[in-house]
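Asker: no sequence on this one, just coordinates:
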């Protein structure tokens, strides 16, 4: 890729970084930290012996360690890359073993619940800088990661009040070194923004795939064959990691239900337009939605290629 | 592309074919007919003088004709590639000028309404073989078309009772020559299948993009920046042609409302699971939906490449 970044010269941002949970995001961070020389030493930690074995085979980390206490000792930055529901228990395990000047971060898709679960377990002096890289694919596990995953994507930081700005700054530097844009906002606002840009879209994708699977009049074979008319795009989203997404919905309940309420209101209005044959109303909405997409393409978060080049996928 | 088809040897399937409406699908058919040598002569007809001028510049058709009566004279096959709502009026215009052995077809995304609108205008002896190629991109107009659009996609034929099987067979041959798989079913069943695999997915995509655009708490700029979390996939679908989609919803009202009712029921159940913290129920659904996607990939209607290779779009 022509805009792939090269390693930084000079001192790494952190001497020793521990990544806990080596899935898609965790293994991508391990790879990016090494490639960008953002950490002097990278420790990969996972509760699963199988994952640890695989990470050793992949040779992407300097140290692989199954035990959380050992993995975090002497680390300057510890990043939780576990499902949101596991953040609290892992923080409890590692708390007593953290270096007293350590920075703790995470990559969870919800922030208020993670802060509430993690912060109480962190010793005095440790700074918590929650982060959410808005990037991903529908694949999971250590093999699915790649160092370029965060390139040109946004990473949102939500440091709670009282966090040392120097800690926030170092975490920000690390994400910038991965090629990400960084924005700082409150955890509350993050959870609302992501409810509409990510959580509710996933929910309705899961939902329509479920609806289609349960029909009696239309066979599953027909649903699959004729999926090119729009449905298949939803199946990609609806094949994301079930544990991760269960935890997101359980831990961002309020914002998701609020946004879902608005979605439902709007859908009821649209349903009514169809029932009453309000062609002008439909046309107006269908025209208005195009502008948003133009904005997304202009901001570099999407390509304008028709059909995403599905006819000729890149060799990977 | 390695699996691009080459032109057939020998006699073309039709001596003269007229395509009415030179948008994405119409212009792709014109190109495919020429490349595959499926027609001796291809007439491109469009009500817009600008489109006719552009088609002449593109040099993709043998004849370009703005007048429908002249365009259909002496043609063995006439294909309506106009928005569903325009099918009736165009059929009325062309009816008296059709060759008495002609075959008429279309490419509309709804079939019952098109048959009801078109059939009454066709003279005795003319066979109507409605078709729906389940293929497309979010782009419109004569420049957006390409001959490979139909390759490996499904085309559904819905010949009404009494249609000469020889006519159905010739239309089928043409679609096969474009590289499509062909399935024959009733118009009623088609409209139900497409309601769930295409129409309702488009409706909820348009809807969520509209909901996101109307929020006060989240800015449009935030929606665009953080769209990589799922939302951007919906904006692609929600930027499809507004006229075409208005007509689809107005003309497949019953099936769309039926499928939307089921979608809403299922969504209400999901909403309840979130409200009551039913993690097991969520996990069960999120696991079940993965199987459908595996089927779609196995059937060649999608690639398994993560993120559709969005990071490195093919040069086009």
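Answerer: That came through fine. A quick note: this is a predicted structure, and the numbers were derived from the prediction, not measured.
Asker: list the contacts for residue A:97?
Answerer: Contact analysis of residue A:97 by C-beta atoms under 8 Å, 6 or more residues apart in numbering or on different chains lists A:68-70, A:72-73. Any C-beta I mention is one placed from the backbone N, CA and C, and that applies to glycine too.
Asker: change it to 10 Å
Answerer: Neighbouring residues of residue A:97 by C-beta atoms under 10 Å, 6 or more residues apart in numbering or on different chains: A:67-75, A:78, A:123.
Asker: just the strands in chain A please.
Answerer: A:14-20, A:39-45, A:63-65, A:77-80, A:103-106, A:127-133, A:154-157, A:181-184 (DSSP state E).
Asker: and the fourth one, how far from the chain's centre?
Answerer: What it means is strand A:77-80. The gap between where strand A:77-80 is centred and where its chain is centred comes out at 15 Å by C-alpha atoms, centre = their mean, to the nearest Å.
Asker: the third one now?
Answerer: Using C-alpha atoms, centre = their mean, the mean C-alpha position of strand A:63-65 is found 23 Å from that of the whole chain.
Asker: and that strand, what other elements does it pack with?
Answerer: When contacts are defined as 3 or more C-beta pairs under 10 Å, 6 or more residues apart in numbering or on different chains; DSSP states H and E, strand A:63-65 sits against strand A:14-20, strand A:39-45, helix A:49-58, helix A:68-72.
Asker: angle of the third one against strand A:14-20?
Answerer: Read it as helix A:49-58. Angle of helix A:49-58 versus strand A:14-20, following axes from the mean of the first three to the mean of the last three C-alpha atoms, to 10 degrees, is 140 degrees.
Asker: list the helices and strands helix A:49-58 packs on?
Answerer: Against helix A:49-58 (3+ C-beta pairs under 10 Å, 6+ apart) you get helix A:24-35, strand A:39-45, strand A:63-65.
Asker: turn those into a markdown table, including mean pLDDT, mean neighbour count and distance to residue A:287.
Answerer: Formatted as a markdown table, the helices and strands packed on helix A:49-58 follow (pLDDT from 0 to 100; neighbours: other C-beta atoms under 10 Å in any protein chain shown; distance: least, C-beta to C-beta, whole Å):
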| stretch | mean pLDDT | mean neighbour count | distance to residue A:287 |
| --- | --- | --- | --- |
| helix A:24-35 | 97 | 26 | 37 |
| strand A:39-45 | 98 | 24 | 49 |
| strand A:63-65 | 98 | 19 | 54 |
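Asker: and of the ones you listed, who's closest to residue A:224?
Answerer: helix A:24-35 (25.5 Å; C-beta to C-beta).
Asker: hmm, that closest one touching chain B?
Answerer: Yes - for helix A:24-35 and chain B, the contact criterion (C-beta under 10 Å from any C-beta of the partner chain) is met by residue A:24.
Asker: can you pull the contacts of the closest residue to residue A:117 other than its chain neighbours?
Answerer: Once flanking residues are discounted, residue A:117 sits nearest to residue A:88: 3.2 Å by C-beta to C-beta, 6 or more residues apart in numbering or on different chains. Taking C-beta under 10 Å, 6+ apart, we find residue A:88 in contact with A:80, A:82, A:113-114, A:116-121.
Asker: let's see the ChimeraX selection covering just the buried ones among the contacts of residue A:97.
Answerer: Here is the ChimeraX command that selects the buried residues among the contacts of residue A:97 (16 or more other C-beta atoms under 10 Å in any protein chain shown):
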select /A:68,71,72,73,75,78
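Asker: got the phi/psi numbers for the residue lying closest to residue A:49 once chain neighbours are set aside?
Answerer: Using C-beta to C-beta, 6+ apart and skipping the chain neighbours, the partner closest in space to residue A:49 is residue A:66 (6.1 Å). Main-chain torsions, residue A:66, degrees, to the nearest 10: phi -80, psi -30.
Asker: and of the helices and strands packed on helix A:49-58, who's closest to residue A:271?
Answerer: helix A:24-35 (36.6 Å).
Asker: what's around residue A:11, how many residues?
Answerer: Residue A:11 sits with 9 neighbouring residues when counted by other C-beta atoms under 10 Å in any protein chain shown.
Asker: ok, residue A:101 next?
Answerer: Applying other C-beta under 10 Å, we find 11 residues neighbouring residue A:101.
Asker: mind listing residues that contact stretch A:284-292?
Answerer: Counting by C-beta under 10 Å, 6+ apart, A:266, A:269-270, A:273, A:278, B:138, B:202-203, B:205-210, B:212-214, B:220, B:223-224, B:227, B:231-232, B:234-235, B:237-246, B:249 sit against stretch A:284-292.
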